[in-house]
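# dropping a prediction and its sequence here:
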Amino acid sequence: MRFFALVFLTLFALGAAAQDKKAAAKPAAAEQPADKALNGDAKCTRCHDENDDYPVLAIGKTKHGTRADARTPSCTSCHGASEGHLNHKSGSGARPKPDVTFSKTSTVPMEARSNVCLTCHQGGKRIHWQMSMHSSRDVSCSSCHQVHAQEDRVRIKTEQPDVCFACHTELRMAVNRQSHHPVREGKVACSDCHNAHGAPGEKSLVKDSINETCYSCHMEKRGPFVRTHQPVQENCAICHNPHGSNNDNLLQARSPFLCQQCHEPTSHRGGTAGLTGPGGTSAGVGITLARGCLNCHTNIHGTNNPKDISNERTFRR
Amino acid sequence: MSARSGGNFRRSAFALAALAACGPLRAQEADEVKAMTTPQSSLGAGIGYVSQDNTRFGQYSGLTKEGLYPLIDLDLRRRNDETGTWMNLRGRNLGLESNELRWDHARQGSWGYYLEYNQTPRYSQYTALTTLANPDSPNQVVNGVATPYELELKTLRKNFSGGFEGRLTGNWTYGVRFANEDKDGRRLFGRSGATSFQEFLVDPVDYNTRTWEANASYTDQKWQLVAAYNGTSFTNYKTNLSVTGSTSVYTPIGLPPENSSNQMSVTGGYNFSNSTRATFKASYMNQTQSASFIDVSSTGRTDLGGQVTTTFLQGGVQSRPMKDLTLIANVRYENRDDKTPVVDYFNFTTTSTATGENEPRSIKTLNGKLEALYRMARGWTAVGGIEFDEKKRNTSSVRVVSFRDTTDETILRAELRRSMSQTLNGSIAYIYSNRGGSEWQNTVTTSNTSGSNLVHPVHLADRERNLLRGKLAWAANERLDVNFVADLANDEYGGRSLGLSDGRATHFALDAAMRLSGTWTATAWVSQDDTRSTLKSCEAASSTGVCPNSAADPMWQAKLTNSSFAFGAGVRGKPRTATEFGFDAQYVEDDGKWEQGPLDPGTTPLPNTKTKRGTLKAFAKRTLDKNLSLRAQYTYDHFFSNDWQWTTWRYGDGTTILTNPDQKVHFIAVQLQYGF
């Protein structure tokens, strides 16, 4: 860790020094520019500034405000030419709003608001936006993103879940259960698994299937194995609830009930759970406490051990 | 000097004086604008104190031991306004095990690269009191030490990643990325013991996972294309666990085998017009697993030679044929083809329920969706959709679970939304789905006779699902937002006589966000969940599936219930210009019930469980001068659970698990922050 920290700090110091040198070599700026945050923003920033109800200048701190990049927008690129708003004469009634506004009380259709962003941002991870559930359910880019802020909340790992939970309230409950991915701790964000901009696969996942998404971090479960467990290969979510559970290891239900949802009640498999009662594995504690059925069926995701001293087929070695 | 000229002089002098006065004002204004439009950096350094050892509060942060911790955060941003070149160095939790550090350097629109280091610890909520020797080794000894000792169970992920992207020419860009993650530590494990009493073991986790990607993208107003290659590899440095110190035969135990994959994909979108767009993706992945076997196979093979190929195809169109009508059609196909050679690995010990052959698992998924969205007068919007999902799987000639090679599900959606005003929006959605499938295939033994066939596996069963969802969003004004959500779901299962028979779920949530004044905001929410399902089974069914249904071996059912209640509230504000204040409270309560009966005689029913977690957080930030501020933070975290899963459990080797059921942690921190 210390080594990496040293590398990063050295890179930053060298880079910063190089940039300062470049900047110092430039001649002093001429008269202060009329534009403040974006190229061509003067006609707007003559009235709008940081003291507005909608502070605007912080956009200058963002990538949109990188004026050396010729692709970056002006105010009217997103808000429309807004001639009526700009040329309004005082005393002639209320000033019309800009052509495109993004506030929560805006009457501009959500699709039109998103189209403004898609003019430049349709590629990459947003190719499937129009096919997404968010798009068809009247969620626009500005429903989640803050453009006029140095920090866009939804792009900060520690704050992103709160943005998502504003609508997905059931998941706010789930991530607070005792067994959970470290979402509330800020180490995993919703976007680690989901692409909110739409995806070709199921559930707007970053990979094409649930299992492929899980394998991104849990590749040890991928196999294939000498002995495979059918539901494991089909869908991790048959047994696990990735958003959180009161059962250990994010299980949908605890042992033996989870296993009894598929397995026949022959032999010891139909045993009743209990805190006392018969030992062993026929019923009671042996199938209920600790890891339950997995106390013996250790390698439940599959085993690659081909030696049959005793029943690798049941995932015990 | 004439009076006139004197007058001119006086006016000129006034103008000059005014200009002289305005010059600094203009300069000041320019400085202010620059400050408001220039990326800001910050550095924070301080110290925090954890009041007691814990396994919940610091589970993923590393704040698990009583004591002092350095708290270092940094967010350095530089932008060269002349060239548009950014340099960012961001670090979080740098004094903790959960540290993250990322370096970005990019000339916006031209090129950019990043390097990142990220650690994630996971402390198990459980501590073992054991006599197991060599818990970090692949050679463990049950009862290998004389005196039980407390063994901390923990894993740590260390992830190092980097990438570069650049612009080729025109609309073409390219990128490469890689990530290397080492994960090691101890995970709770175990095995069947010598006399059926299970023994405690540790999974000595020692993994390496690597991913890498190269892509090329093209984007213009019509076409957006991404062609990518993705590779992955997984290595386990401890391939098996050998256990001595007990007469149990379950050794060596196979640990996860190394595997790898290579994938090519093309993803794209095309705008036919402003109102019609198509998207697609095609990918092919080849995944292999050829780790050397940990023990000699009677077949003479030294590895599985596992190979799985996955073909994925997707195509979709979204169109607006009329101003108020939007149509979406999408189809998705995935063929996961397990091409692993079939070999009889267990041929010298046969049972009635296994041939000894490995069982490659292939599955094909076909999903199609049609959806129409129509905007009507007075703010009404209607959405109607139909979705079809089919899964086809293979099976083996001998099986112990009832099987269906095909399941298909039809899903119907109807939703009505209304924007009742600029400030009030509501929606109600009804979703109906019906899953069925091919004829059930009975369990089969090696003698080709049918076994017990009582249970419909949960993922193969017939299922009828009804879901009703209502939402109401009220933006009372620019200061107050209120949202209400209600979900009601019901499942009915069928196909066989046993297994899950029904399920029900409800969810209610009320959220409010308030801007109390220009400097104060508040949020509050309350949620309630309830999930229930009924499971039916029987004890000691015969091999042909006859339940004794006696007092000793009853037919039974269990009503599995999980109820949750939670609320939260937060306030942020600036009571004084130089002071910020924040407070958050959150409480979550979960209740578990199992209600199983009738029970095996002598079996004690499972008590209900209650798990509670309350967290209070407060911070105050005082600005000391233009750049410097002091932030003080207090957190109180209380976790409680009366869960019985481990409390009375004792492994055959004597190991017990400490569950630490009641944890109260105070965390106090002070950090000096420098912003510039």
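That came through, no problem.

# pLDDT score for residue B:577?
In this model, residue B:577 is scored at 85, pLDDT.

# what's the domain layout of chain A?
A:110-208, A:221-317 (automatic domain parsing).

# show me what from the stretch 551-676 of chain B comes close to chain A.
Residues of the stretch 551-676 of chain B found near chain A, taking C-beta under 8 Å from any C-beta of the partner chain as the criterion, are B:554, B:556, B:558, B:560, B:562, B:564, B:566, B:586, B:588, B:590, B:592, B:594, B:596, B:599-600, B:602-607, B:609, B:611, B:613, B:639, B:641, B:644-646, B:648-649, B:651, B:657. The way it works is simple: take the backbone N, C-alpha and C, and place the C-beta from them, glycine included.

# wait, a helix at residue A:231?
Yes. Looking at residue A:231 with DSSP: H, G, I helix; E, B strand; the rest coil, it is inside a helix.

# now the helices: where do they sit in chain B?
Using DSSP state H, the helices of chain B run over residues B:3-37.

# residue in it nearest to chain A?
residue B:37 (2.6 Å; C-beta to the nearest C-beta).

# quick check: closest non-adjacent residue to that residue.
Using C-beta to C-beta, 6 or more residues apart in numbering or on different chains and skipping residues adjacent in sequence, the residue nearest residue B:37 is residue A:60, 2.6 Å away.

# picking up where we left off before, which of the domains of chain A is buried the deepest?
Highest mean neighbour count of those: domain A:221-317, a mean of 22 (counted as mean count of other C-beta atoms under 10 Å in any protein chain shown).

# what pLDDT, on average, does that domain get?
In this model, domain A:221-317 has a mean pLDDT of 90.

# centre of the chain to it, how far?
Put simply, domain A:221-317 sits 31 Å off its chain's centre (C-alpha atoms, centre = their mean, to the nearest Å).

# now do the contacts for the nearest residue to residue B:55 once chain neighbours are set aside.
Distances taken as C-beta to C-beta, 6+ apart place residue B:125 nearest to residue B:55, at 4.8 Å, with adjacent residues excluded. Contacts of residue B:125 were listed using C-beta atoms under 8 Å, 6 or more residues apart in numbering or on different chains, and they are A:178, B:55, B:56, B:59, B:659, B:660.

# residue B:487 - how many residues pack around it?
Using other C-beta atoms under 10 Å in any protein chain shown, residue B:487 has 18 neighbouring residues.

# which residues sit in contact with it?
Residue B:487 touches A:170, B:467, B:468, B:469, B:505, B:506, B:507, B:508, counting by C-beta under 8 Å, 6+ apart.

# can you tell me which of those are buried?
Using 16 or more other C-beta atoms under 10 Å in any protein chain shown as the burial test, these include A:170, B:467, B:469, B:505, B:506, B:507, B:508 as buried.

# okay if I get the domains of chain A as JSON lines plus distance to residue B:672?
Putting the domains of chain A into JSON lines (distance: least, C-beta to C-beta, whole Å) gives the following:
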{"stretch": "domain A:110-208", "distance to residue B:672": "20"}
{"stretch": "domain A:221-317", "distance to residue B:672": "36"}
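
# low-scoring stretches of chain B, by residue?
B:1-25, B:195-196, B:296-298, B:347-350 (pLDDT under 70).

# typo on my end, it should be the stretch 1-150 of chain A
Residue ranges of the stretch 1-150 of chain A with pLDDT under 70: A:1-33.

# show me what residue B:650 is bridged to.
residue B:656 (DSSP bridges).

# that one contacts residue B:656, doesn't it?
Yes. Between residue B:650 and residue B:656 a contact is recorded at 5.4 Å, counting by C-beta atoms under 8 Å.

# so which of the contacts of residue B:487 are in strands?
B:467, B:468, B:469, B:505, B:506, B:507, B:508 (DSSP state E).

# which among these gets closest to residue A:119?
Nearest to residue A:119 among these: residue B:469, at 32.7 Å, using C-beta to C-beta.

# give me the distance between the residue nearest to residue B:37 and residue A:49.
According to C-beta to C-beta, to the nearest Å, residue A:60 stands 11 Å off from residue A:49.

# quick check: what element follows the one helix or strand residue A:116 maps to along the chain?
Residue A:116 belongs to helix A:110-121 when assigned by DSSP states H and E. Per DSSP H and E, the first helix or strand lying C-terminal to helix A:110-121 is helix A:133-136.

# show me what that next one is packed up against.
For helix A:133-136, there is no helix or strand it packs on, judged by 3 or more C-beta pairs under 8 Å, 6 or more residues apart in numbering or on different chains; DSSP states H and E.

# could the C-alpha coordinates of it be exported in PDB?
C-alpha atoms of helix A:133-136 as PDB (Å, rounded to 0.1, in the frame of the first residue of the first chain):
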ATOM      1  CA  MET A 133     -36.500   0.500 -18.000                       C
ATOM      2  CA  HIS A 134     -35.400   3.900 -16.700                       C
ATOM      3  CA  SER A 135     -36.000   5.600 -20.000                       C
ATOM      4  CA  SER A 136     -39.400   4.000 -20.500                       C
END
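
# distance from the chain centre to it, please.
What separates the centre of helix A:133-136 from the centre of its chain is 16 Å, taken as C-alpha atoms, centre = their mean.

# helix/strand/coil for the residue of chain A found nearest chain B?
Chain B sits closest to residue A:60 of chain A, with a gap of 2.6 Å, by C-beta to the nearest C-beta. Put simply, residue A:60 is helix when judged by three-state DSSP.

# alright, calling it a day.
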